[in-house]
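>>> Could you work out the structure for the sequence below:
(one chain, ligands or ions: 1)
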Amino acid sequence: MSELNLILLGPPGSGKGTQGERLQEDFRLPYYATGDILRAAVREGTELGNEAKEYMDRGDLVPDEVIVGVIAERVASPEAADGFILDGFPRTLPQAEALDRKMEELGRELTAAVLFEVSDDEVVRRLGGRRTCVKNGHVFHVEFDPPKNEGVCDVCGARLEVRDDDKPEVIRRRLEQYHEKTEPLIAYYEGQGRLRRVDGSVGPDDVGDRIRALIATLKMEEEL
Ligand code: AP5
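Coordinates of the predicted model:
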């Protein structure tokens, strides 16, 4: 396949970050997770971070104009010339349209939008037990994917914490935002013939295997 330009789509806590990390290693492609980018900006106290913080704390989406430029710049960068993995972007129809315009301008095409199908109940279970590394954002779960040493990241040894937006009332708001603003993207990418559904409710290794099988199918389709 000449390029692999993937979008990971799905509700909060559906496993996009968990699989994004694996895909990045498997395919050696740049991985752009807007949540990670925004949280880093908040930590560093940049203009972007200051603008985004209040929305993130409430579980609301940051305004489209704040995030679109951030991703457009990365997609057009030399490191993304052979492809990229987007996690958490686009999340609204205007963001999806802006990405399409950028891809057209670059003379490139999205390969697929991979939808992680997971119920709201499962989202609540997963986010309630998530622990995130304060340094590099590596993700664990107290029950489903526990770290070897409690409270310590297996990868970089940093402290693990509960994300500010993983509190029950904020999780509910994030789910509402997903259903209202992000779910319409399912029909959008279905209309483009780019939507690929993955059952995200099975264990992380099974989800990973299914995505790799899906990518192998996409490669075969391209060769036909
Ligand atoms: P963001 O960080 O993108 O949050 P999200 O989409 O809500 O996704 P999460 O990171 O919560 O979950 P995930 O799907 O990556 O799941 P994970 O792999 O961690 O965004 C945060 C905020 O930033 C937004 O609310 C918004 O304010 C702002 N923002 C970001 N992008 C934006 C945009 N484009 N426009 C506007 N605003 C934007 O897994 C979750 C847990 O489950 C983990 O503990 C994991 O170990 C476990 N787990 C994973 N897979 C499995 C499995 N298969 N089985 C069992 N457990 C599993």
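
>>> Look up how far S14 lies from the residue positioned nearest the centre of the chain.
A centroid search over the chain (CA atoms, centre = their mean) returns D87, at 2.3 Å, as the residue closest to the centre. D87 is 11 Å from S14, where distance means CB to CB, to the nearest Å. Any C-beta I mention is one placed from the backbone N, CA and C, and that applies to glycine too.

>>> Correct me if wrong: D57 contacts V170.
Yes. With contact defined as CB atoms under 8 Å, D57 counts as touching V170 (7.4 Å).

>>> Now the common contact residues for these two.
Both D57 and V170 are in contact with D164, where contact means CB atoms under 8 Å, 6 or more residues apart in numbering.

>>> Okay, strands next: where are they in this structure?
4-9, 31-33, 83-87, 112-117, 130-133, 139-141, 160-161, 195-199 (DSSP state E).

>>> Give me the pLDDT value at whatever residue of the chain ends up closest to the ligand.
Of the residues in the chain, the one nearest the ligand is G35, at a distance of 1.8 Å by CB to the nearest ligand atom. We have a pLDDT of 95 for G35.

>>> With the one 10 residues further on instead?
G45 carries a pLDDT score of 96 in this model.

>>> Could you list the residues of this protein in contact with the ligand?
Within the chain, the positions near the ligand by CB under 6 Å from any ligand atom are 10, 12-18, 34-35, 38, 55-56, 59-62, 67, 88-89, 91, 95, 126, 130, 139-141, 144-145, 165, 174, 203-204, 207.

>>> quick revisit: I'd assumed R91 was in contact with the residue of the chain closest to the ligand.
No. Contact criterion CB under 8 Å: G35 and R91 do not qualify, at 9.9 Å.

>>> quick one: which of the strands of the chain is nearest E73?
strand 31-33 (10.0 Å; CB to CB).

>>> so what does that closest one touch, helix or strand wise?
Here strand 31-33 touches helix 16-27, helix 64-75, strand 83-87, going by 3 or more CB pairs under 8 Å, 6 or more residues apart in numbering; DSSP states H and E.

>>> Walk me through which strands the last one pairs with, and which way each runs.
Strands that pair with strand 83-87, judged by DSSP bridges, come out as strand 4-9 (parallel), strand 31-33 (parallel).

>>> Tell me who's in contact with the residue nearest to P94 when sequence neighbours are not counted.
Take P94 and drop its neighbours on the chain: the residue closest to it by CB to CB, 6 or more residues apart in numbering is D64, 4.8 Å away. By CB under 8 Å, 6+ apart, D64 lies in contact with 92, 94-95, 98.

>>> Are any of the residues you listed buried, and if so which?
For the contacts of D64, a burial check counting by 16 or more other CB atoms under 10 Å picks out 92, 95, 98.

>>> Okay, helices next: where are they in the protein?
Counting by DSSP state H, the chain has helices at residues 16-27, 34-44, 47-58, 64-75, 93-106, 120-128, 168-177, 184-191, 204-223.

>>> now the last one: mean pLDDT?
Which is helix 204-223. Taken as a whole, helix 204-223 has a mean pLDDT of 92.

>>> Restricting to C-alpha, output that helix in PDB.
What follows is helix 204-223, C-alpha atoms only, in PDB (Å, rounded to 0.1, in the frame of the first residue of the first chain):
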ATOM      1  CA  PRO A 204      -7.000  -5.600  23.700                       C
ATOM      2  CA  ASP A 205      -5.100  -8.300  21.900                       C
ATOM      3  CA  ASP A 206      -8.100  -9.500  20.000                       C
ATOM      4  CA  VAL A 207      -9.000  -5.900  19.000                       C
ATOM      5  CA  GLY A 208      -5.400  -5.500  17.800                       C
ATOM      6  CA  ASP A 209      -5.500  -8.700  15.700                       C
ATOM      7  CA  ARG A 210      -8.800  -7.600  14.100                       C
ATOM      8  CA  ILE A 211      -7.300  -4.200  13.100                       C
ATOM      9  CA  ARG A 212      -4.200  -5.800  11.600                       C
ATOM     10  CA  ALA A 213      -6.500  -8.200   9.600                       C
ATOM     11  CA  LEU A 214      -8.500  -5.200   8.500                       C
ATOM     12  CA  ILE A 215      -5.400  -3.400   7.300                       C
ATOM     13  CA  ALA A 216      -4.200  -6.500   5.500                       C
ATOM     14  CA  THR A 217      -7.600  -6.600   3.700                       C
ATOM     15  CA  LEU A 218      -7.200  -2.900   2.700                       C
ATOM     16  CA  LYS A 219      -3.800  -3.700   1.300                       C
ATOM     17  CA  MET A 220      -5.200  -6.600  -0.800                       C
ATOM     18  CA  GLU A 221      -8.100  -4.500  -2.000                       C
ATOM     19  CA  GLU A 222      -5.700  -1.800  -3.200                       C
ATOM     20  CA  GLU A 223      -3.600  -4.400  -5.100                       C
END
